[in-house]
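A.B. asks: Need coordinates for the following:
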Amino acid sequence: MSSFKQPALFISHGSPMMAVEKSKTSLFLQQLGRKIPRPKAIIVFSAHFDNPQDIVISSARSPKTIHDFYGFPDALYALHYHAPGSPELAEQVAQLFKQQGITPILDSEQGWDHGVWIPLRLIYPQADIPIVTISINSRLGATANYRYGQIVSELREQGVLIIGSGGISHNLREIFNPSQSAESRARVQSFTHWVKNKLLSGDIKALLNYLNEAPEVLFNHPTQEHFLPLLAALGSSDLSAVKQIHEDSEYGMLALDAYQFG
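C.D. replies: Okay, the predicted model is just below:
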């Protein structure tokens with residue numbers, strides 16, 4: 001397998017229904033795996049692997065598929081993604097954290113949450129590329145999660161693709177608000193345009209201070225776990241060739257932007 005330097009990606013994984021419904025975003029993800037070099041392995045920072053106490057690294061050889069959502073059609077719960085884990089890569093990641101004074105937990109029971117398997121099942125349907133997931137920490141905030149990405153950034157040189165899987169906006173209450181308005185959608189656009197501008201201009205300082213600087217930030221992210229994977233992916237990059245590779249929305253409110261770094 002290639003050891004070509006891999007990019008880092010941020011992907012908005014959207015609704016779990018993406019796994020069974022065709023959309024502009026599902027088509028984008030299906031094509032994405034053919035547009036970047038095939039990775040030796042994949043590291044994912046997922047919004048749904050948020051640990052407020054410790055850094056946890058998945059280390060199972062054959063992780064299970066986690067159906068961590070409720071109230072969806074039975075067809076979704078019948079889907080599985082059998083991509084292997086990599087205890088060897090997990091140990092390598094753990095050593096990188098230890099070198100920075102952080103002692104992580106290797107978890108041989110952690111499976112693939114839907115922030116991992118929903119997009120990767122579309123990108124790499126053969127499920128034959130090893131994956132390791134690293135928890136985010138919404139309690140510690142932007143700078144710490146950006147640092148987590150920096151710690152593993154050197155692995156891109158070894159052919160490891162680093163993905164932040166979250167959502168460029170994620171206000172579930174507003175998505176299901178029957179009184180959703182054009183004003184609400186404008187508030188999403190205000191935030192997502194700000195993020196795009198700061199990413200493309202390389203303004204890391206503003207992005208790390210997004211809770212204070214970004215317009216409509218708490219409307220778009222009442223909780224922060226879906227934005228922090230973007231900062232982890234950003235931390236793993238050198239900000240070379242930053243580009244927006246996808247723009248879409250679901251339900252009028254759930255922005256599905258994706259970015260590539262390097």
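
A.B. asks: Tell me where the protein has helices.
C.D. replies: 24-32, 74-77, 87-99, 114-123, 142-152, 172-175, 182-200, 204-208, 210-213, 217-220, 228-235 (DSSP state H).

A.B. asks: possible to save those as JSON lines with mean neighbour count, distance to Pro130 and mean pLDDT?
C.D. replies: For every residue, glycine as well, the C-beta is placed using N, CA and C. What follows is those, written out as JSON lines (neighbours: other Cβ atoms under 10 Å; distance: least, Cβ to Cβ, whole Å; pLDDT from 0 to 100):
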{"stretch": "helix 24-32", "mean neighbour count": "17", "distance to Pro130": "18", "mean pLDDT": "97"}
{"stretch": "helix 74-77", "mean neighbour count": "11", "distance to Pro130": "24", "mean pLDDT": "93"}
{"stretch": "helix 87-99", "mean neighbour count": "17", "distance to Pro130": "6", "mean pLDDT": "98"}
{"stretch": "helix 114-123", "mean neighbour count": "26", "distance to Pro130": "11", "mean pLDDT": "97"}
{"stretch": "helix 142-152", "mean neighbour count": "21", "distance to Pro130": "15", "mean pLDDT": "97"}
{"stretch": "helix 172-175", "mean neighbour count": "15", "distance to Pro130": "32", "mean pLDDT": "78"}
{"stretch": "helix 182-200", "mean neighbour count": "17", "distance to Pro130": "29", "mean pLDDT": "94"}
{"stretch": "helix 204-208", "mean neighbour count": "16", "distance to Pro130": "30", "mean pLDDT": "97"}
{"stretch": "helix 210-213", "mean neighbour count": "14", "distance to Pro130": "32", "mean pLDDT": "98"}
{"stretch": "helix 217-220", "mean neighbour count": "19", "distance to Pro130": "33", "mean pLDDT": "96"}
{"stretch": "helix 228-235", "mean neighbour count": "28", "distance to Pro130": "19", "mean pLDDT": "98"}
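
A.B. asks: Let's have the ones you listed in a markdown table, adding distance to Val242.
C.D. replies: Listed next are the helices of the chain as a markdown table, based on distance: least, Cβ to Cβ, whole Å:
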| stretch | distance to Val242 |
| --- | --- |
| helix 24-32 | 16 |
| helix 74-77 | 33 |
| helix 87-99 | 23 |
| helix 114-123 | 20 |
| helix 142-152 | 14 |
| helix 172-175 | 28 |
| helix 182-200 | 6 |
| helix 204-208 | 11 |
| helix 210-213 | 16 |
| helix 217-220 | 20 |
| helix 228-235 | 9 |
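
A.B. asks: how long is stretch 91-106 from one end to the other?
C.D. replies: Taking Cα to Cα, to the nearest Å, the first and last residues of stretch 91-106 lie 8 Å apart.

A.B. asks: now do stretch 247-262
C.D. replies: Note: stretch 247-262 ends 18 Å apart using Cα to Cα.

A.B. asks: and what of stretch 194-211?
C.D. replies: 12 Å.

A.B. asks: Residues in contact with it: which ones?
C.D. replies: 141-143, 146, 168, 213-215, 217, 224, 227, 230-231, 234, 239, 242-244, 257, 259 (Cβ atoms under 8 Å, 6 or more residues apart in numbering).

A.B. asks: The same query, at a cut-off of 10 Å, please.
C.D. replies: 10, 141-143, 145-147, 168-169, 191, 212-218, 220-221, 224, 227, 230-231, 234-235, 239-240, 242-244, 247, 255, 257, 259, 261 (Cβ atoms under 10 Å, 6 or more residues apart in numbering).

A.B. asks: Off-centre distance for it?
C.D. replies: 17 Å (Cα atoms, centre = their mean, to the nearest Å).

A.B. asks: Over to stretch 82-94?
C.D. replies: 18 Å.

A.B. asks: Stretch 68-78 too?
C.D. replies: 21 Å.

A.B. asks: cool, and stretch 10-22?
C.D. replies: Counting by Cα atoms, centre = their mean, stretch 10-22 comes out at 12 Å from the chain centroid.

A.B. asks: Any buried residues in it, and which?
C.D. replies: Neighbour-count burial for stretch 10-22 flags 10-19 (criterion: 16 or more other Cβ atoms under 10 Å).
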